[in-house]
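*Asks:* I would like the atomic coordinates for the input below:
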Amino acid sequence: MIKKVGVIGVGTMGQGIAEMLAAKGLDVVVIERSDERLSYGLQMIEVSLDKQIEKWALTGAEKKLILSRIHSATSYEELAACELIIETISEDLDAKKEVFKRLDAICGESTILASNTSTLSLTELASVTSVPDRVIGLHFIYPVSKIDLVEIVRGLKTSDDTFNRMKHFVDEVIHKSGIMVFESPGFVTTRLICLFINEALHVLEEGVASAEDIDSAMRKGYSFQHGPFEMADRFGLDSVLAALERMFREYGELKYRPSIVLKKMVRAGQLGVKTGVGFFQYDKDGDRI
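*Replies:* Numbering: from 1, shown residues only. Here you go, the predicted structure:
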């Protein structure tokens, strides 16, 4: 039984994962590289809960209960009592390796070490630990509370026992749909959605249609909740670019080469919802203006 989960990194994904786990009744220990980032992450979780209260999706009492289950940690040693630890820091292989080395030094014999990476090798992350059979990928999709899918990613040495425990955890404990994915750059969701966004960018470059009309076509014609450009804005254009560049390096196929428009926008700091402007403009709550 997994009752206590550690979350390393309280950025956008870490916030969503910690909030979702606490809402499911689990004790959550969160850790960040600085007190400032930790304080900001916890503040944003509270903001998220307040927005749900405003929409009558949550009560004040439920908010207090969720927050009471989220505990901040100042050192990795405080994660030792966790049965599962999920790393959610930025997509930097060396930084993630350092995290897994530190976890390996303090985790218990049955602790599962998971990464929320969308493009990096689980096998390579596992190689720096003494327990590669207990390293696995849990790729949640933003926004975590609303998307039911979790990619459960097996590295080369991930054991059947580790996979089965995580499959049960995803399906029966946090009540999401878990699919088994064998390690491959981009897995299933990131690989396909980034190609979709990149092709939409090429259509835009060629002057076939405007960003607004391309999005409208995909929403109305194929029942997408968001079109490719709003999707990119919500993922973060820098994240989309980083994923495409990594897949381009790994696969060596031209279809993964990022659009020049995407590169220009990232260089200009127009990253989407996180900066308030991308292909479209957004308010502080992330709603289209």
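
*Asks:* List the residue ranges of this protein that fall below the pLDDT cut-off.
*Replies:* Under the criterion of pLDDT under 70, none of the chain is flagged as low confidence.

*Asks:* residues of stretch 233-244 that come out buried?
*Replies:* Buried positions in stretch 233-244, judged by neighbour count with 16 or more other C-beta atoms under 10 Å: 233, 234, 235, 236, 237, 238, 239, 240, 241, 242, 243, 244. (Each C-beta comes from the backbone N, C-alpha and C, glycine too.)

*Asks:* Can you give the contact residues for it?
*Replies:* If you take C-beta atoms under 8 Å, 6 or more residues apart in numbering as the criterion, stretch 233-244 is touched by 12, 91, 118-119, 142, 186, 190, 194, 197-198, 226, 232, 256-258, 262-263, 265-266, 270-274, 278-280, 282, 286.

*Asks:* where along the stretch 1-150 of the chain do the helices fall?
*Replies:* Ranges of helices within the stretch 1-150 of the chain are 12-23, 35-54, 60-68, 93-106, 122-126, based on DSSP state H, counting those that start in this stretch.

*Asks:* so which of the ones you listed gets nearest residue 84?
*Replies:* helix 12-23 (9.3 Å; C-beta to C-beta).

*Asks:* pretty sure residue 225 contacts residue 219?
*Replies:* Yes - judged on C-beta atoms under 8 Å, residue 225 makes contact with residue 219 at a distance of 7.4 Å.

*Asks:* Which one's more surrounded, those two?
*Replies:* residue 219 (15 against 9; other C-beta atoms under 10 Å).

*Asks:* before we move on, back to that, including secondary structure and distance to residue 181, could the buried residues of stretch 233-244 go into CSV?
*Replies:* Listed next are the buried residues of stretch 233-244 as CSV, based on DSSP: H, G, I helix; E, B strand; the rest coil; distance: C-beta to C-beta, whole Å:
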residue, secondary structure, distance to residue 181
233, helix, 26
234, helix, 22
235, helix, 19
236, coil, 22
237, helix, 25
238, helix, 24
239, helix, 19
240, helix, 20
241, helix, 22
242, helix, 19
243, helix, 15
244, helix, 19
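
*Asks:* With distance to residue 68 added, can I get those residues in TSV?
*Replies:* Formatted as TSV, those follow (distance: C-beta to C-beta, whole Å):
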residue	distance to residue 68
233	34
234	30
235	31
236	30
237	36
238	34
239	31
240	36
241	39
242	35
243	36
244	41
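
*Asks:* and of those, the nearest to residue 62?
*Replies:* For these, the nearest to residue 62 is residue 234 (25.6 Å; C-beta to C-beta).

*Asks:* now for the helices of the stretch 1-150 of the chain, which one comes closest to residue 204?
*Replies:* helix 12-23 (25.4 Å).

*Asks:* closest to residue 149 out of the helices of the stretch 1-150 of the chain?
*Replies:* Nearest of those (C-beta to C-beta): helix 12-23, 12.8 Å.

*Asks:* The closest one vs helix 60-68, what angle?
*Replies:* Computed by axes from the mean of the first three to the mean of the last three C-alpha atoms, to 10 degrees, the angle separating helix 12-23 from helix 60-68 equals 110 degrees.

*Asks:* Now do helix 12-23: everything it contacts.
*Replies:* 5, 7-8, 10, 28, 30, 41, 44-45, 48-49, 66-67, 69-70, 86, 88-89, 116, 140, 142-145, 174, 236, 274.

*Asks:* how near is residue 6 to residue 101?
*Replies:* Here the distance between residue 6 and residue 101 works out to 15 Å (C-beta to C-beta, to the nearest Å).

*Asks:* no, scratch that, I was asking about residue 95
*Replies:* Applying C-beta to C-beta to residue 95 and residue 101 gives a distance of 11 Å.

*Asks:* again, but for residue 77
*Replies:* Here the criterion is C-beta to C-beta. By it, residue 77 lies 14 Å from residue 101.

*Asks:* again with residue 204
*Replies:* 43 Å.

*Asks:* Residue 109 now?
*Replies:* From residue 109 to residue 101 the distance is 17 Å (C-beta to C-beta).
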